[in-house]
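S.K.: no sequence for this one, just the structure:
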(Lines give C-alpha, C1' and ligand atoms only; values in the text may rest on other atoms or scores of the structure.)
Protein backbone atom coordinates (compact mmCIF):
# COMPACT_ATOMS: atom_id res chain seq x y z
CA UNK A 1 0.00 0.00 0.00
CA UNK A 2 0.97 3.62 -0.45
CA UNK A 3 -0.01 5.53 2.70
CA UNK A 4 0.21 9.31 3.08
CA UNK A 5 0.18 10.61 6.66
CA UNK A 6 -0.55 14.23 7.59
CA UNK A 7 0.30 15.50 11.07
CA UNK A 8 0.82 18.95 12.56
CA UNK A 9 2.78 17.17 15.31
CA UNK A 10 5.97 15.67 13.95
CA UNK A 11 9.72 15.98 14.33
CA UNK A 12 11.45 18.18 15.29
CA UNK A 13 8.48 18.82 17.58
CA UNK A 14 8.30 16.00 20.10
CA UNK A 15 5.05 14.78 21.57
CA UNK A 16 3.07 11.59 22.04
CA UNK A 17 1.43 12.16 18.64
CA UNK A 18 4.85 12.56 17.03
CA UNK A 19 6.06 9.17 18.23
CA UNK A 20 2.74 7.46 17.61
CA UNK A 21 2.97 8.57 13.96
CA UNK A 22 6.67 7.70 13.72
CA UNK A 23 6.24 4.23 15.25
CA UNK A 24 3.40 3.43 12.86
CA UNK A 25 5.32 4.69 9.83
CA UNK A 26 8.44 2.69 10.70
CA UNK A 27 6.50 -0.55 11.21
CA UNK A 28 4.43 -0.07 8.05
CA UNK A 29 7.64 0.52 6.08
CA UNK A 30 9.13 -2.68 7.51
CA UNK A 31 6.16 -4.53 6.04
CA UNK A 32 6.88 -3.18 2.57
CA UNK A 33 4.39 -0.30 2.42
CA UNK A 34 5.39 3.06 0.91
CA UNK A 35 4.91 5.85 3.46
CA UNK A 36 4.88 9.61 2.91
CA UNK A 37 4.64 11.93 5.92
CA UNK A 38 3.52 15.54 5.54
CA UNK A 39 4.43 17.96 8.35
CA UNK A 40 4.52 21.75 8.78
CA UNK A 41 7.75 23.17 7.38
CA UNK A 42 10.15 23.60 10.33
CA UNK A 43 12.54 26.46 10.92
CA UNK A 44 15.95 26.41 9.26
CA UNK A 45 17.65 25.54 12.55
CA UNK A 46 16.07 22.11 12.59
CA UNK A 47 18.33 19.22 13.52
CA UNK A 48 18.58 16.53 10.85
CA UNK A 49 17.26 13.06 11.64
CA UNK A 50 17.18 9.80 9.75
CA UNK A 51 14.04 8.02 8.56
CA UNK A 52 13.99 4.43 7.34
CA UNK A 53 13.79 3.38 3.71
CA UNK A 54 10.28 3.56 2.22
CA UNK A 55 9.46 6.61 4.40
CA UNK A 56 9.50 9.99 2.66
CA UNK A 57 9.12 13.30 4.46
CA UNK A 58 7.49 16.35 2.90
CA UNK A 59 7.29 19.87 4.33
CA UNK A 60 4.03 21.75 3.90
CA UNK A 61 4.88 25.44 3.35
CA UNK A 62 3.51 28.52 5.08
CA UNK A 63 4.02 27.21 8.61
CA UNK A 64 4.12 29.63 11.52
CA UNK A 65 5.42 29.07 15.07
CA UNK A 66 2.94 28.56 17.90
CA UNK A 67 3.43 30.92 20.85
CA UNK A 68 4.26 29.15 24.14
CA UNK A 69 5.01 25.85 22.38
CA UNK A 70 8.65 25.66 21.20
CA UNK A 71 9.21 23.96 17.81
CA UNK A 72 5.49 23.43 17.19
CA UNK A 73 4.38 25.06 13.95
CA UNK A 74 0.94 25.29 12.39
CA UNK A 75 0.35 25.28 8.65
CA UNK A 76 -1.64 28.02 6.99
CA UNK A 77 -3.34 25.86 4.34
CA UNK A 78 -2.74 26.69 0.70
CA UNK A 79 -3.43 23.13 -0.57
CA UNK A 80 -1.50 23.63 -3.83
CA UNK A 81 1.72 21.82 -2.90
CA UNK A 82 -0.11 19.00 -1.12
CA UNK A 83 -2.41 18.36 -4.08
CA UNK A 84 0.55 18.28 -6.47
CA UNK A 85 2.55 15.93 -4.28
CA UNK A 86 -0.38 13.62 -3.54
CA UNK A 87 -1.21 13.45 -7.23
CA UNK A 88 2.37 12.33 -7.93
CA UNK A 89 2.48 9.85 -5.00
CA UNK A 90 -1.00 8.51 -5.83
CA UNK A 91 -1.61 7.07 -2.32
CA UNK A 92 -4.08 4.30 -1.69
CA UNK A 93 -5.16 5.98 1.55
CA UNK A 94 -4.56 9.20 3.50
CA UNK A 95 -4.25 9.14 7.29
CA UNK A 96 -4.92 12.41 9.15
CA UNK A 97 -3.50 12.59 12.67
CA UNK A 98 -4.35 16.18 13.56
CA UNK A 99 -7.22 18.46 12.74
CA UNK A 100 -5.27 21.69 12.18
CA UNK A 101 -3.63 23.23 9.12
CA UNK A 102 -1.69 20.16 8.01
CA UNK A 103 -4.76 17.99 8.58
CA UNK A 104 -6.83 20.26 6.35
CA UNK A 105 -4.14 20.07 3.67
CA UNK A 106 -4.52 16.29 3.64
CA UNK A 107 -8.31 16.33 3.86
CA UNK A 108 -8.87 18.74 0.98
CA UNK A 109 -6.19 17.18 -1.24
CA UNK A 110 -7.54 13.67 -0.68
CA UNK A 111 -11.09 14.82 -1.45
CA UNK A 112 -10.02 16.41 -4.71
CA UNK A 113 -8.13 13.26 -5.73
CA UNK A 114 -10.94 10.97 -4.50
CA UNK A 115 -8.69 9.19 -2.01
CA UNK A 116 -10.14 7.67 1.18
CA UNK A 117 -9.21 9.25 4.50
CA UNK A 118 -8.75 7.86 7.99
CA UNK A 119 -8.75 10.33 10.89
CA UNK A 120 -7.25 9.66 14.32
CA UNK A 121 -8.30 11.78 17.30
CA UNK A 122 -5.31 12.04 19.67
CA UNK A 123 -5.72 15.11 21.85
CA UNK A 124 -8.44 16.66 24.02
CA UNK A 125 -7.79 20.20 22.75
CA UNK A 126 -11.08 21.40 24.28
CA UNK A 127 -9.79 20.52 27.77
CA UNK A 128 -9.27 23.64 29.93
CA UNK A 129 -5.64 22.68 30.54
CA UNK A 130 -4.86 22.61 26.83
CA UNK A 131 -6.65 25.90 26.23
CA UNK A 132 -4.58 27.49 28.99
CA UNK A 133 -1.42 26.02 27.50
CA UNK A 134 -2.15 27.83 24.22
CA UNK A 135 -2.96 31.06 26.04
CA UNK A 136 -6.72 30.77 25.52
CA UNK A 137 -9.48 31.22 28.12
CA UNK A 138 -11.20 28.06 29.32
CA UNK A 139 -14.75 29.37 28.92
CA UNK A 140 -17.36 26.65 28.48
CA UNK A 141 -18.46 28.29 25.23
CA UNK A 142 -14.94 28.02 23.82
CA UNK A 143 -14.76 24.37 24.90
CA UNK A 144 -18.01 23.74 23.03
CA UNK A 145 -16.66 25.49 19.94
CA UNK A 146 -13.45 23.43 20.07
CA UNK A 147 -15.38 20.17 20.31
CA UNK A 148 -17.63 21.25 17.45
CA UNK A 149 -14.58 22.05 15.32
CA UNK A 150 -12.92 18.68 15.98
CA UNK A 151 -16.10 16.72 15.31
CA UNK A 152 -16.72 18.69 12.09
CA UNK A 153 -13.24 17.77 10.86
CA UNK A 154 -13.43 14.07 11.71
CA UNK A 155 -16.95 13.75 10.31
CA UNK A 156 -15.38 14.46 6.92
CA UNK A 157 -13.25 11.29 7.17
CA UNK A 158 -14.40 7.91 5.87
CA UNK A 159 -13.33 6.24 9.14
CA UNK A 160 -12.22 7.54 12.53
CA UNK A 161 -9.97 5.85 15.06
CA UNK A 162 -9.26 6.61 18.68
CA UNK A 163 -6.62 5.11 20.97
CA UNK A 164 -8.90 4.87 23.98
CA UNK A 165 -12.52 4.24 24.83
CA UNK A 166 -12.60 7.58 26.66
CA UNK A 167 -11.95 9.35 23.36
CA UNK A 168 -14.50 7.22 21.56
CA UNK A 169 -17.22 8.04 24.09
CA UNK A 170 -16.39 11.76 24.07
CA UNK A 171 -16.56 11.90 20.28
CA UNK A 172 -19.91 10.11 20.25
CA UNK A 173 -21.30 12.42 22.93
CA UNK A 174 -20.27 15.43 20.84
CA UNK A 175 -21.88 14.27 17.61
CA UNK A 176 -19.44 12.16 15.61
CA UNK A 177 -21.45 10.41 12.87
CA UNK A 178 -19.35 7.26 12.49
CA UNK A 179 -18.61 5.17 15.54
CA UNK A 180 -14.86 5.48 16.16
CA UNK A 181 -12.74 2.33 15.93
CA UNK A 182 -10.39 1.79 18.84
CA UNK A 183 -6.81 1.21 17.69
CA UNK A 184 -4.31 1.83 20.50
CA UNK A 185 -1.01 3.64 20.22
CA UNK A 186 1.81 1.21 19.68
CA UNK A 187 5.29 0.80 21.12
CA UNK A 188 8.16 -1.33 19.85
CA UNK A 189 9.18 -4.37 21.88
CA UNK A 190 11.64 -2.95 24.45
CA UNK A 191 15.29 -3.93 24.45
CA UNK A 192 16.65 -5.86 27.47
CA UNK A 193 17.44 -3.65 30.46
CA UNK A 194 21.06 -3.20 31.53
CA UNK A 195 20.44 -2.99 35.27
CA UNK A 196 24.10 -2.21 36.03
CA UNK A 197 23.89 0.87 33.81
CA UNK A 198 20.60 1.89 35.46
CA UNK A 199 22.20 1.55 38.89
CA UNK A 200 25.18 3.66 37.79
CA UNK A 201 22.85 6.40 36.55
CA UNK A 202 20.88 6.36 39.78
CA UNK A 203 24.07 6.51 41.86
CA UNK A 204 25.40 9.38 39.75
CA UNK A 205 22.22 11.31 40.47
CA UNK A 206 22.37 10.36 44.16
CA UNK A 207 19.12 8.40 44.04
CA UNK A 208 19.45 6.13 47.05
CA UNK A 209 15.87 5.97 48.29
CA UNK A 210 12.35 5.78 46.79
CA UNK A 211 12.11 7.70 43.53
CA UNK A 212 9.41 8.96 41.19
CA UNK A 213 9.67 10.03 37.57
CA UNK A 214 7.59 12.16 35.22
CA UNK A 215 8.33 12.24 31.48
CA UNK A 216 6.62 14.71 29.19
CA UNK A 217 5.91 18.30 28.36
CA UNK A 218 6.09 20.86 31.15
CA UNK A 219 2.91 22.80 30.49
CA UNK A 220 -0.29 23.73 32.35
CA UNK A 221 -2.43 20.82 31.11
CA UNK A 222 0.01 18.32 32.65
CA UNK A 223 -0.66 19.53 36.24
CA UNK A 224 2.94 18.95 37.31
CA UNK A 225 2.49 21.50 40.10
CA UNK A 226 0.07 19.01 41.70
CA UNK A 227 2.75 16.30 41.57
CA UNK A 228 5.31 18.60 43.20
CA UNK A 229 2.92 19.64 45.99
CA UNK A 230 2.05 16.00 46.69
CA UNK A 231 5.72 15.03 46.65
CA UNK A 232 6.44 17.76 49.21
CA UNK A 233 3.88 16.20 51.58
CA UNK A 234 5.19 12.68 51.04
CA UNK A 235 8.82 13.76 51.33
CA UNK A 236 8.33 14.88 54.92
CA UNK A 237 7.95 11.20 55.82
CA UNK A 238 10.46 9.78 53.33
CA UNK A 239 13.36 12.24 53.37
CA UNK A 240 15.56 10.25 50.99
CA UNK A 241 12.96 10.17 48.24
CA UNK A 242 13.58 11.84 44.87
CA UNK A 243 11.41 13.21 42.07
CA UNK A 244 12.94 13.26 38.58
CA UNK A 245 11.25 15.42 35.93
CA UNK A 246 12.27 14.76 32.31
CA UNK A 247 11.06 17.23 29.70
CA UNK A 248 10.77 20.90 28.96
CA UNK A 249 8.09 23.45 28.23
CA UNK A 250 6.60 26.82 29.14
CA UNK A 251 5.92 25.86 32.78
CA UNK A 252 9.49 24.92 33.65
CA UNK A 253 10.51 28.22 35.26
CA UNK A 254 7.35 28.33 37.40
CA UNK A 255 7.85 24.71 38.47
CA UNK A 256 11.48 25.34 39.41
CA UNK A 257 10.35 28.33 41.49
CA UNK A 258 7.74 26.12 43.16
CA UNK A 259 10.42 23.56 44.05
CA UNK A 260 12.62 26.31 45.47
CA UNK A 261 9.76 27.76 47.54
CA UNK A 262 8.93 24.34 48.99
CA UNK A 263 12.56 23.72 49.95
CA UNK A 264 12.89 20.73 47.64
CA UNK A 265 15.91 21.78 45.61
CA UNK A 266 17.99 18.74 46.67
CA UNK A 267 15.10 16.31 46.17
CA UNK A 268 13.72 17.30 42.74
CA UNK A 269 15.81 16.97 39.57
CA UNK A 270 14.90 18.70 36.30
CA UNK A 271 16.70 16.95 33.45
CA UNK A 272 15.21 19.14 30.71
CA UNK A 273 14.56 17.92 27.19
CA UNK A 274 16.05 14.51 26.35
CA UNK A 275 16.01 13.10 22.82
CA UNK A 276 13.52 10.27 22.61
CA UNK A 277 16.06 7.79 21.24
CA UNK A 278 18.34 8.43 24.21
CA UNK A 279 15.42 8.32 26.64
CA UNK A 280 14.49 4.82 25.49
CA UNK A 281 18.00 3.49 24.83
CA UNK A 282 19.30 4.53 28.24
CA UNK A 283 16.04 3.57 29.99
CA UNK A 284 15.94 6.97 31.73
CA UNK A 285 12.40 6.44 33.11
CA UNK A 286 14.05 3.85 35.40
CA UNK A 287 15.61 6.71 37.34
CA UNK A 288 12.26 6.40 39.10
CA UNK A 289 10.70 3.42 40.84
CA UNK A 290 7.25 4.74 39.89
CA UNK A 291 5.95 6.87 37.05
CA UNK A 292 3.65 9.64 38.30
CA UNK A 293 1.34 12.05 36.49
CA UNK A 294 -1.47 14.33 37.65
CA UNK A 295 -2.67 15.28 34.18
CA UNK A 296 -6.45 15.25 33.69
CA UNK A 297 -6.32 15.48 29.89
CA UNK A 298 -4.49 12.34 28.83
CA UNK A 299 -5.70 10.07 26.08
CA UNK A 300 -3.16 7.24 25.89
CA UNK A 301 0.28 8.73 26.60
CA UNK A 302 3.26 7.17 24.88
CA UNK A 303 5.42 8.07 27.88
CA UNK A 304 3.26 5.91 30.16
CA UNK A 305 3.19 2.98 27.73
CA UNK A 306 6.98 3.10 27.47
CA UNK A 307 7.40 3.34 31.25
CA UNK A 308 5.10 0.36 31.76
CA UNK A 309 7.09 -1.64 29.21
CA UNK A 310 10.16 -1.04 31.39
CA UNK A 311 8.35 -2.42 34.43
CA UNK A 312 7.30 0.80 36.14
CA UNK A 313 3.97 0.99 37.96
CA UNK A 314 2.04 4.20 37.31
CA UNK A 315 0.26 6.64 39.60
CA UNK A 316 -2.26 8.66 37.62
CA UNK A 317 -5.38 10.78 37.89
CA UNK A 318 -8.64 8.90 37.38
CA UNK A 319 -9.56 10.97 34.32
CA UNK A 320 -9.92 10.59 30.54
CA UNK A 321 -7.96 7.59 29.23
CA UNK A 322 -5.77 6.77 32.25
CA UNK A 323 -8.20 4.39 34.03
CA UNK A 324 -8.04 2.24 30.89
CA UNK A 325 -4.28 1.85 31.40
CA UNK A 326 -4.03 1.78 35.19
CA UNK A 327 -5.77 -1.00 37.11
CA UNK A 328 -5.89 0.35 40.66
CA UNK A 329 -3.56 -1.56 42.98
CA UNK A 330 -2.76 -4.02 40.15
CA UNK A 331 -0.31 -2.20 37.87
CA UNK A 332 -0.48 1.20 39.53
CA UNK A 333 -2.69 3.52 41.56
CA UNK A 334 -5.42 5.99 40.67
CA UNK A 335 -6.33 9.11 42.60
CA UNK A 336 -9.06 11.72 42.38
CA UNK A 337 -7.95 14.48 39.97
CA UNK A 338 -6.31 17.47 41.69
CA UNK A 339 -6.51 15.76 45.11
CA UNK A 340 -3.02 16.51 46.38
CA UNK A 341 -3.39 14.65 49.66
CA UNK A 342 -4.66 11.50 47.94
CA UNK A 343 -1.79 11.63 45.45
CA UNK A 344 0.65 12.05 48.34
CA UNK A 345 -0.81 8.94 50.00
CA UNK A 346 -0.37 6.96 46.77
CA UNK A 347 3.23 8.11 46.50
CA UNK A 348 3.92 7.18 50.13
CA UNK A 349 2.47 3.71 49.63
CA UNK A 350 4.66 3.17 46.58
CA UNK A 351 7.67 4.34 48.59
CA UNK A 352 6.90 2.25 51.67
CA UNK A 353 5.59 -0.97 50.14
CA UNK A 354 8.51 -2.18 48.03
CA UNK A 355 7.26 -5.71 47.37
CA UNK A 356 3.81 -4.50 46.30
CA UNK A 357 5.34 -1.81 44.10
CA UNK A 358 7.57 -4.32 42.33
CA UNK A 359 4.64 -6.67 41.84
CA UNK A 360 2.63 -3.85 40.28
CA UNK A 361 5.61 -3.08 38.05
CA UNK A 362 5.65 -6.66 36.76
CA UNK A 363 1.94 -6.41 36.04
CA UNK A 364 2.54 -3.11 34.22
CA UNK A 365 5.12 -4.78 31.99
CA UNK A 366 2.69 -7.58 31.17
CA UNK A 367 -0.09 -5.05 30.40
CA UNK A 368 2.21 -3.11 28.05
CA UNK A 369 2.31 -6.15 25.75
CA UNK A 370 -1.24 -5.22 24.66
CA UNK A 371 0.28 -2.22 22.89
CA UNK A 372 3.03 -3.95 20.94
CA UNK A 373 3.56 -2.46 17.52
CA UNK A 374 2.96 -5.69 15.62
CA UNK A 375 -0.59 -6.07 16.91
CA UNK A 376 -1.40 -2.38 16.40
CA UNK A 377 -0.23 -2.40 12.78
CA UNK A 378 -2.18 -5.60 12.10
CA UNK A 379 -5.31 -3.71 13.11
CA UNK A 380 -4.34 -0.61 11.15
CA UNK A 381 -3.58 -2.56 7.99
CA UNK A 382 -6.93 -4.30 8.22
CA UNK A 383 -8.71 -0.95 8.57
CA UNK A 384 -6.77 0.53 5.64
CA UNK A 385 -7.69 -2.42 3.41
CA UNK A 386 -11.38 -2.26 4.32
CA UNK A 387 -11.53 1.50 3.83
CA UNK A 388 -9.79 1.31 0.45
CA UNK A 389 -12.18 -1.40 -0.70
CA UNK A 390 -15.22 0.65 0.35
CA UNK A 391 -13.88 3.72 -1.43
CA UNK A 392 -13.26 1.76 -4.64
CA UNK A 393 -16.79 0.38 -4.52
CA UNK A 394 -18.20 3.86 -4.02
CA UNK A 395 -16.17 5.35 -6.89
CA UNK A 396 -17.27 2.57 -9.23
CA UNK A 397 -20.89 3.11 -8.25
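M.R.: Yep, it's here. Just so you know, these numbers come straight off a predicted model, no measurement behind them. Numbering: from 1, shown residues only.

S.K.: show me what contacts residue 21?
M.R.: 5, 7, 9-10, 37, 97 (CB atoms under 8 Å, 6 or more residues apart in numbering). Yep, even glycine has a C-beta here, placed from its N, CA and C like the rest.

S.K.: how far does stretch 59-72 sit from the chain's center?
M.R.: 18 Å (CA atoms, centre = their mean, to the nearest Å).

S.K.: what comes into contact with that stretch?
M.R.: Here stretch 59-72 has contacts from 8-9, 12-14, 38-43, 73-78, 81-82, 101-102, 105, 133-135, 219, 248-250, using CB under 8 Å, 6+ apart.

S.K.: which of the three states applies to residue 381?
M.R.: The assignment at residue 381 comes out as helix when based on DSSP: H, G, I helix; E, B strand; the rest coil.

S.K.: make 39 the first number, not 1, from now on.
M.R.: Shifting the count to begin at 39 puts that one at residue 419.

S.K.: my guess is it contacts residue 69, does it?
M.R.: Yes - applying CB atoms under 8 Å, one finds residue 419 in contact with residue 69, separated by 7.5 Å.

S.K.: tally of neighbours for residue 47?
M.R.: 23 (other CB atoms under 10 Å).

S.K.: repeat for residue 241
M.R.: By other CB under 10 Å, the residues close to residue 241 number 10.

S.K.: swap in the one 10 residues further on?
M.R.: When counting by other CB under 10 Å, one arrives at 25 neighbours for residue 251.

S.K.: doesn't it fall inside a helix?
M.R.: No - membership of residue 251 in a helix is not supported by three-state DSSP, which gives strand.

S.K.: from residue 331, how far out is it?
M.R.: 10 Å (CB to CB, to the nearest Å).

S.K.: could you do residue 358 as well?
M.R.: According to CB to CB, residue 358 stands 11 Å off from residue 331.

S.K.: so which of these two has more stuff around it?
M.R.: Remark: of residue 358 and residue 331, residue 331 carries more neighbours, 26 against 21, as counted by other CB under 10 Å.

S.K.: for residue 144, see how far away that one is.
M.R.: For residue 331, the distance to residue 144 - CB to CB - is 31 Å.

S.K.: what does residue 48 give?
M.R.: For residue 48, the distance to residue 144 (CB to CB) stands at 13 Å.

S.K.: on that earlier part again, report the buried members of the contacts of stretch 97-110.
M.R.: Burial by neighbour count, 16 or more other CB atoms under 10 Å: within those this picks out 46-47, 50-52, 76-80, 111-113, 115, 119-120, 139-140, 143, 171-172, 257, 286-288.

S.K.: identify the residues contacting the nearest residue to residue 353 once chain neighbours are set aside.
M.R.: Nearest non-adjacent residue to residue 353, counting by CB to CB, 6 or more residues apart in numbering: residue 330, 4.5 Å away. Residue 330 makes contact with 250-252, 265, 281, 352-354, 381, 385, according to CB under 8 Å, 6+ apart.

S.K.: mind listing which of these are in helices?
M.R.: 265, 381, 385 (DSSP state H).

S.K.: my guess is the first one contacts residue 332. True?
M.R.: Yes - counting by CB under 8 Å, a contact exists between residue 265 and residue 332, whose distance comes to 4.9 Å.

S.K.: intersection of neighbour lists for those two?
M.R.: Shared contacts of residue 265 and residue 332 (CB under 8 Å, 6+ apart): residue 381.

S.K.: in the stretch 289-435 of the chain, which spans are helices?
M.R.: Along the stretch 289-435 of the chain, the segments classed as helices by DSSP state H, counting those that start in this stretch run 290-299, 314-319, 340-347, 360-363, 378-390, 392-406, 411-434.

S.K.: do you know the pLDDT at residue 90?
M.R.: Per-residue confidence (pLDDT) for residue 90: 88.

S.K.: sorry, wrong one. I was asking about residue 276.
M.R.: Looking at residue 276, its pLDDT is 92.

S.K.: spit out the contact partners of it.
M.R.: By CB under 8 Å, 6+ apart, the contact set of residue 276 is 247-248, 386, 389-390.

S.K.: got any ranges where the stretch 289-435 of the chain has weak pLDDT?
M.R.: Low-confidence segments of the stretch 289-435 of the chain, defined by pLDDT under 70, span residues 435.

S.K.: pick the most deeply packed of the helices of the stretch 289-435 of the chain.
M.R.: Of all the helices of the stretch 289-435 of the chain, helix 340-347 carries the top mean neighbour count, a mean of 26, counting by mean count of other CB atoms under 10 Å.

S.K.: list the helices and strands that helix packs on?
M.R.: Packing contacts for helix 340-347, counted by 3 or more CB pairs under 8 Å, 6 or more residues apart in numbering; DSSP states H and E, involve helix 54-68, strand 249-253, strand 328-330, strand 352-355, helix 360-363, helix 392-406.
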